[in-house]
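>>> only geometry, no sequence info:
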């Protein structure tokens, strides 16, 4: 998987999550709603995923 560089305190946008995981944006949203992917957090009106939560899913350490 490609490493995405962020300056936003280790928070990833949905497009960055898609690039890192190889999933489509739609699949990320669907899986978040079903609870099989980490829920995003809101930061100043933007939706972001903590980098460590995404990497935990990739490595199989979390749902």
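Received the coordinates, thanks. Everything numeric in this text was worked out from a predicted model, so none of it was measured.
>>> List phi and psi for the residue of the chain positioned farthest from its centre.
Distance to the chain centre peaks in the chain at residue 44, reaching 17.1 Å (criterion: C-alpha atoms, centre = their mean). Dihedral pair for residue 44: phi 50, psi 40, per degrees, to the nearest 10.
>>> Equivalent analysis for the one 4 residues further on, please.
Here is the backbone geometry of residue 48 (degrees, to the nearest 10): phi -140, psi 160.
>>> thinking it is in contact with residue 13, fair?
Yes. Look at residue 48 against residue 13 with C-beta atoms under 8 Å: they come within range, at 6.3 Å. Heads up, the C-betas are built off the backbone N, CA and C, glycines and all.
>>> ok, the two, which is more surrounded?
Taking other C-beta atoms under 10 Å, residue 48 and residue 13 do not tie; residue 48 has more neighbours (20 against 17).
>>> Next up, the contacts around the more buried one.
Counting by C-beta atoms under 8 Å, 6 or more residues apart in numbering, residue 48 touches 8, 11, 12, 13, 40, 41, 42.
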